[in-house]
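Trainee: Any chance you can model this:
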Amino acid sequence: MTSVDDALDLTLLRPGDAGYRDEIAGFQRGFAQRPAAVVPARSAADVVAAVRYAAAQGLPVGVQATGHGLPGGYEGGLLVSTRRMDGVVVDPGARTVRVRAGARWGQVVAAAEPYGLAPLNGSAPGVGAVSYTLGGGLGILAREFGYAADHVRWLELVTADGELRHVTAGSDPELYWALLGAGQNLGIVTELEIGLVPVRTLYGGSLAFDGRAVDPAAVLRAYEAWTRTVPDGLTSSFAAVPYPDLPALPPYLRGRYVVSVRVAHTGADGERIVAPLREIGPVLADSLREMPYAESHTIHSDPDFPHAYYGDSAVLRELDMERAGELLLATGPEAGPMCVVQVNHLGGALARPAPNAVPYRDGRFLVRLLTAGERKRARAVLDPAFALLAEDTLGRSLNFAFGAGDRSTGLYGPGTRKRLARVKETYDPANLFRRNYGV
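Mentor: Residues are numbered from 1 along each chain as shown. Next comes the predicted model:
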């Protein structure tokens, strides 16, 4: 461990130092992270010192909170680790929460729950709340309340000049716009304030079907038709997962190809709305129920252990059912590497305009593909799968593009790209910030 420049009061970890490997490990284990040095930040002052040091040394800067969705491996530069900056403060009267850079959604949910409030978090409680929000934030209740980015009141940001800024839509409209939806390379957000919603309970869970006993394409067709009938307050997704035969898995999942529909709804008519889904066929498991919002992570039950994976996404104007059927065949149990398919129903509040850079609000579905195994084999599955969807693809989603192809292509339309470039030129003309957050 080396202390650098007393005036900056900065601590660095370099390769070979105790704690270096633990600091860079993160959740995503598919990429090799080998920064020249790591700053284990504990405060905004540490982040300011790190940015000033990097600028003086001519080092590019990257940031890592928890490492979910890490976009790829890299070597060299300065990595700022924010996982120790994990404070969460709820203001129940204002229905807001202040979230520091390293806080995870599970902490925010737990802090808001006693007041009958909920954040617009994603499906996994271990995901970093700030980095998720900077990428837009497609949450459990997204169709009812919109993107998490739509609810941000202010952000604290360390820019490339080493200054800590308090950013609002009124004080810095262009910077505020760019940070929310595309903020990962404009500086380091140390804290933000975001609105909470008055939700104490919801109706949610999943219906799981045996993908070898029921045609997965038929389940997807039934799901797509069902989404045309549901109210805006209901958020849902379809998933197809070939599970390995591992003792750690529940018996109904072990070695099975499982297709499922996941649902979250705050209304009182959940049972009536999901009734058509129960007519698809016999289920392996049915976890649909009224639940406290604190249990909402059980709807998806995402894996909570670090592992290697690659993935990408496509926002679609429509879901062509013939091509979707081909997609399921191309990613099913016989595809080679295990491939997870998820289809999120968009629309509702997600389609409403907001003063931020979150793109493709006219999309009707988001298709996400995740695969394990060696990267070259993963690409051999992902590339032809996304090619099937190309005709209806509007673009990609920043939070679901990691380790699979060019990190920038298709993330924004031409007008948004030009506007973002102008903001980048204003606040980081030397391109100090070159590494995206891992959510």
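Trainee: Pull out the buried positions in stretch 415-432.
Mentor: Buried residues in stretch 415-432, counted by 16 or more other C-beta atoms under 10 Å: 416, 419, 420, 423, 424, 427, 428, 432. Quick note: C-beta positions are derived from backbone N, CA and C, even for glycine.
Trainee: swap that for stretch 237-254, sorry
Mentor: 237, 238, 239, 240, 241, 242, 243, 253.
Trainee: Tell me which of those fall in strands.
Mentor: 237, 238, 239, 240, 241, 242 (DSSP state E).
Trainee: For the closest residue to the first one other than its chain neighbours, which residues count as its bridge partners?
Mentor: Residue nearest to residue 237 in three dimensions, not counting chain neighbours: residue 344, with 4.6 Å by C-beta to C-beta, 6 or more residues apart in numbering. Here residue 344 shows beta-bridge partners residue 237, residue 366, assigned using DSSP bridges.
Trainee: Near residue 344, how many other residues are there?
Mentor: 23 (other C-beta atoms under 10 Å).
Trainee: who touches it in this structure?
Mentor: 138, 142, 236, 237, 365, 366, 367, 368 (C-beta atoms under 8 Å, 6 or more residues apart in numbering).
Trainee: What is the subsequent helix or strand relative to the worst-scoring helix or strand of the chain on mean pLDDT?
Mentor: Every helix and strand of the chain was ranked by mean pLDDT, DSSP states H and E. The lowest is strand 2-4, at a mean of 52. Counting by DSSP states H and E, the next helix or strand C-terminal to strand 2-4 is strand 10-12.
Trainee: Average pLDDT for whichever helix or strand comes after that following strand, rounded please.
Mentor: Sequence-wise, the next helix or strand downstream of strand 10-12 (DSSP H and E) is helix 20-25. Mean pLDDT, taken over the full extent of helix 20-25, equals 89.
Trainee: Which elements pack onto helix 20-25?
Mentor: Here helix 20-25 touches strand 37-40, strand 78-81, going by 3 or more C-beta pairs under 8 Å, 6 or more residues apart in numbering; DSSP states H and E.
Trainee: how much distance is there from the helix or strand just after the first one to the middle of the chain?
Mentor: This points to strand 37-40. Sequence-wise, the next helix or strand downstream of strand 37-40 (DSSP H and E) is helix 44-57. The chain centre lies 27 Å from the centre of helix 44-57; the measure is C-alpha atoms, centre = their mean, to the nearest Å.
Trainee: CA atoms only: put helix 44-57 into PDB for me.
Mentor: Provided in PDB are the C-alpha atoms of helix 44-57 (Å, rounded to 0.1, in the frame of the first residue of the first chain):
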ATOM      1  CA  ALA A  44     -16.000  12.500  -2.200                       C
ATOM      2  CA  ALA A  45     -12.700  14.100  -1.100                       C
ATOM      3  CA  ASP A  46     -10.900  10.900  -2.000                       C
ATOM      4  CA  VAL A  47     -12.500  10.900  -5.400                       C
ATOM      5  CA  VAL A  48     -11.500  14.500  -6.000                       C
ATOM      6  CA  ALA A  49      -7.900  13.700  -5.000                       C
ATOM      7  CA  ALA A  50      -7.900  10.600  -7.300                       C
ATOM      8  CA  VAL A  51      -9.100  12.600 -10.300                       C
ATOM      9  CA  ARG A  52      -6.600  15.400  -9.700                       C
ATOM     10  CA  TYR A  53      -3.800  12.900  -9.400                       C
ATOM     11  CA  ALA A  54      -4.800  11.000 -12.600                       C
ATOM     12  CA  ALA A  55      -5.000  14.300 -14.500                       C
ATOM     13  CA  ALA A  56      -1.600  15.300 -13.300                       C
ATOM     14  CA  GLN A  57      -0.100  11.900 -14.200                       C
END
